[in-house]
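Participant: model this:
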Amino acid sequence: MSFDRTLDESALFRICFVCTGNICRSPMAEAVFQQLIRRSGFSGSIVVLSAGTGDWHVGENSDTRTLAALAARGYNGAGHRAKQFDPEWFDHLDLVVVFDRSQERILKSWATTDQDRGKVQLLLGFDPDPSGSLEVPDPYYSDAAMFDSVLGMIEHACTALFHQIEPGIRRSAS
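Facilitator: Residues are numbered from 1 along each chain as shown. I've put the predicted structure just below:
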């Protein structure tokens with residue numbers, strides 16, 4: 001899938017969630033953030049997508065446990081297909097959100113400017129009440145309960161992130 005077909009350049013704010021394989025954490029965040037956008041009425045103003053640092057799952061659906069956790073909380077992740085992040089995307093994005101320090105290091109190493117490196121932020125860094133670590137654990141090698149727990153962390157931090165960018169979008173949209 002081409003990045004050009006997934007990103008609306010006319011949007012006021014463009015965000016990409018990036019995890020390792022783009023089948024667990026980043027699709028969860030994409031679905032959560034899409035719902036926040038729809039509920040706020042900002043569908044034309046904020047564009048969100050997700051990708052992975054690796055290419056192992058390109059073209060695949062989200063992990064079935066991801067889809068089950070999302071569905072249990074009223075999200076639809078069925079249309080997701082994994083993509084690998086392309087460093088050329090930095091020019092088109094306002095924010096690149098990662099889930100752990102490994103992804104942060106990889107993305108910052110792919111960025112060619114200080115401005116692009118500054119776009120890479122840990123998701124839990126937006127959470128005003130972090131529970132200690134700034135890393136969202138990878139649930140891939142765990143059970144359904146861990147997927148649910150990770151989704152809860154992502155929901156909380158995505159809501160905090162949305163509340164931080166919402167005033168700027170509101171001002172720009174009016």
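
Participant: what about residue 139, neighbour count?
Facilitator: Burial of residue 139 is recorded as 22 neighbouring residues (other C-beta atoms under 10 Å). In this view, the C-beta of every residue, glycine as well, is placed from N, C-alpha and C.

Participant: Next, please give the residue ranges for the strands of this structure.
Facilitator: Remark: strands assigned in the chain by DSSP state E are 13-19, 46-52, 95-98, 120-122.

Participant: any idea what sits nearest residue 75, other than its immediate chain neighbours?
Facilitator: The shortest distance from residue 75 to any residue other than its chain neighbours is 4.3 Å, reached at residue 31 (C-beta to C-beta, 6 or more residues apart in numbering).

Participant: give the contact list for that neighbour.
Facilitator: By C-beta atoms under 8 Å, 6 or more residues apart in numbering, the residues touching residue 31 are 70, 75, 76, 77, 80.

Participant: still on that earlier bit, which one of the strands of the chain lies closest to residue 168?
Facilitator: strand 13-19 (7.5 Å; C-beta to C-beta).

Participant: residues in contact with that closest one?
Facilitator: Contacts of strand 13-19 (C-beta under 8 Å, 6+ apart): 7-8, 25-26, 29-30, 33, 45-53, 85, 89, 92-99, 103, 107, 123, 138, 165, 168-169.

Participant: Report the buried members of those residues.
Facilitator: 7, 25-26, 29-30, 33, 45-53, 85, 89, 93, 95-99, 103, 107, 123, 138, 165, 169 (16 or more other C-beta atoms under 10 Å).

Participant: Give the burial count for the residue nearest to residue 108 when sequence neighbours are not counted, as a bare number.
Facilitator: In this structure, residue 108 finds its nearest non-sequential neighbour in residue 117, 4.7 Å apart by C-beta to C-beta, 6+ apart. As a burial measure, residue 117 scores 16 neighbours (other C-beta under 10 Å).

Participant: If I look at residue 117, what pLDDT would I see?
Facilitator: The model reports residue 117 with a pLDDT of 98.

Participant: Verify the stated contact: residue 95 with residue 122.
Facilitator: No: judged on C-beta atoms under 8 Å, residue 95 makes no contact with residue 122 at a distance of 11.5 Å.
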